[in-house]
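K.L.:
quick check, what structure comes out for this input:
(one chain, ligands or ions: 1)
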Amino acid sequence: MELVTKISGITLRNPFMNASGVLGQTVSLLRRLQEAGAGAVVTKSITYEERKGYDNPTFVKIKCGYLNAMGLPNPGFKEFSKELSSSKEEFKVPVIVSIAPSEPKQAKEMAATFKKVADAIEINLSCPHAEKLGLEVFSDMGLTENIVKSVKDNFDGPVFCKLPPYRNEVLGLIKSLESCDALVVSNTIRAMVIDVKAKKPILGNKFGGLSGRALHPISLALVFELYEKTRKPIVGVGGIESWEDAVEFFLAGASAVQIGSALEKKGTTIFKELIEGLEEYLKEEKIGLEELIGLAHDS
Ligand code: RRO
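P.N.:
As a prediction, the model looks like this:
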């Protein structure tokens with residue numbers, strides 16, 4: 001069965017890509033994702049300046065998923081774009097560059113720099129634990145609107161916005177995203193875990209983002225609702241571990257999905273498993289991927 005899917009003008013050989021932050025920190029990791037079968041590859045969120053990230057521990061496995069507070073470790077946009085430019089021709093699948101600007105001027109410079117090497121830009125408006133970045137940007141509608149416009153005005157390809165999983169906040173602020181092309185739904189849930197012996201939060205940053213199983217139904221419900229409330233294509237992300245989890249997202253209205261925690265848990269062979277599972281399902285159901293998208297809705 002044909003698994004090709006299109007999102008705002010870019011063509012993916014299949015609808016599976018990595019979620020930003022998981023195996024997208026370097027060009028060699030992005031290459032590994034491409035070799036494993038990803039339909040597109042997404043970089044770690046890149047900031048204007050270099051960031052070291054938070055103190056350890058930055059990643060903890062808990063009963064219902066994973067908690068992370070990496071703190072956007074990255075070499076800064078100038079350095080990262082140099083690395084990507086030197087090997088762009090190796091990529092046969094779209095390269096989506098995730099950026100986390102804190103104001104329009106940064107967004108403008110980053111978009112203009114990544115113009116030559118990115119097939120799409122994903123703006124991170126939802127990191128749940130960073131000062132003046134991600135969620136803190138999204139909570140200011142004027143700032144978000146100007147950042148999205150700056151990226152749109154300085155980049156030729158599609159611009160995606162990655163949203164938090166908080167329904168009321170998203171519905172209240174969605175007007176600020178009018179000029180973006182597609183929505184990525186969703187980032188992790190702000191969360192915490194405490195060590196009862198040490199009597200302190202475990203993560204170096206205290207607060208982190210919850211991903212994995214617990215996120216799946218929450219993010220799925222938001223995709224379903226946004227599919228009815230906006231006309232924008234949606235990339236679903238949240239706790240996808242099997243082809244069935246992905247099919248739920250397609251039925252809810254996602255045109256493609258991103259894999260995060262399960263890539264950590266199962267490794268890159270998950271792409272093959274997802275592709276084969278989806279192909280088999282489409283064959284058995286005698287349905288094309290495109291027809292599947294949004295089919296769980298009444299009309
Ligand atoms: O780097 C991180 O700590 C991080 C980011 Br940028 C994000 O968007 N979501 C997340 O859970 N962690």
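K.L.:
contacts, neighbours, all on C-alpha from now
P.N.:
Will do.
K.L.:
what parts of the stretch 101-250 of the chain come near the ligand?
P.N.:
Ser126, Cys127, Asn187, Thr188, Gly209 (Cα under 6 Å from any ligand atom).
K.L.:
give me that answer again for 5 Å
P.N.:
By the rule Cα under 5 Å from any ligand atom, the part of the stretch 101-250 of the chain lying against the ligand is Cys127, Thr188, Gly209.
K.L.:
reformat those residues as JSON lines; add secondary structure, pLDDT and neighbour count.
P.N.:
Formatted as JSON lines, those follow (DSSP: H, G, I helix; E, B strand; the rest coil; pLDDT from 0 to 100; neighbours: other Cα atoms under 10 Å):
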{"residue": "Cys127", "secondary structure": "coil", "pLDDT": "96", "neighbour count": "27"}
{"residue": "Thr188", "secondary structure": "coil", "pLDDT": "98", "neighbour count": "28"}
{"residue": "Gly209", "secondary structure": "strand", "pLDDT": "98", "neighbour count": "19"}
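K.L.:
can you tell me which residues contact Gly71?
P.N.:
The neighbours of Gly71, taking Cα atoms under 8 Å, 6 or more residues apart in numbering as the test, are Arg51, Lys52, Gly53, Tyr54, His129, Ala130.
K.L.:
show me what secondary structure element comes after the helix or strand harbouring Val170.
P.N.:
Using DSSP states H and E, Val170 maps to helix 167-173. Using DSSP H and E, the helix or strand that follows helix 167-173 in sequence is strand 182-185.
K.L.:
and Met1, what pLDDT?
P.N.:
If you check Met1, the pLDDT there is 66.
K.L.:
assign a three-state SS to the residue of the chain most remote from its centre, would you?
P.N.:
Within the chain, the residue lying farthest from the chain centre (Cα atoms, centre = their mean) is Lys197, at 35.0 Å. State at Lys197, reduced to three classes by DSSP: H, G, I helix; E, B strand; the rest coil: coil.
K.L.:
how much space between Lys229 and Ala118?
P.N.:
According to Cα to Cα, to the nearest Å, Lys229 and Ala118 sit 29 Å apart.
K.L.:
point out where this protein drops to low pLDDT.
P.N.:
The chain contains residues with pLDDT under 70 at 1.
K.L.:
try 50 this time
P.N.:
Nowhere does the chain drop to pLDDT under 50.
K.L.:
helices of that one, start to end?
P.N.:
With helices called from DSSP state H, the chain shows them at 27-36, 77-85, 104-114, 135-138, 141-154, 167-173, 216-229, 243-252, 261-266, 270-285, 289-292.
K.L.:
JSON lines for the ones you listed, including mean neighbour count?
P.N.:
Listed next are the helices of the chain as JSON lines, based on neighbours: other Cα atoms under 10 Å:
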{"stretch": "helix 27-36", "mean neighbour count": "18"}
{"stretch": "helix 77-85", "mean neighbour count": "17"}
{"stretch": "helix 104-114", "mean neighbour count": "21"}
{"stretch": "helix 135-138", "mean neighbour count": "22"}
{"stretch": "helix 141-154", "mean neighbour count": "21"}
{"stretch": "helix 167-173", "mean neighbour count": "14"}
{"stretch": "helix 216-229", "mean neighbour count": "20"}
{"stretch": "helix 243-252", "mean neighbour count": "23"}
{"stretch": "helix 261-266", "mean neighbour count": "17"}
{"stretch": "helix 270-285", "mean neighbour count": "17"}
{"stretch": "helix 289-292", "mean neighbour count": "17"}
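K.L.:
arrange those in JSON lines, one row each, with distance to Val95 as further columns.
P.N.:
Putting the helices of the chain into JSON lines (distance: least, Cα to Cα, whole Å) gives the following:
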{"stretch": "helix 27-36", "distance to Val95": "9"}
{"stretch": "helix 77-85", "distance to Val95": "10"}
{"stretch": "helix 104-114", "distance to Val95": "11"}
{"stretch": "helix 135-138", "distance to Val95": "24"}
{"stretch": "helix 141-154", "distance to Val95": "16"}
{"stretch": "helix 167-173", "distance to Val95": "26"}
{"stretch": "helix 216-229", "distance to Val95": "23"}
{"stretch": "helix 243-252", "distance to Val95": "21"}
{"stretch": "helix 261-266", "distance to Val95": "18"}
{"stretch": "helix 270-285", "distance to Val95": "17"}
{"stretch": "helix 289-292", "distance to Val95": "22"}
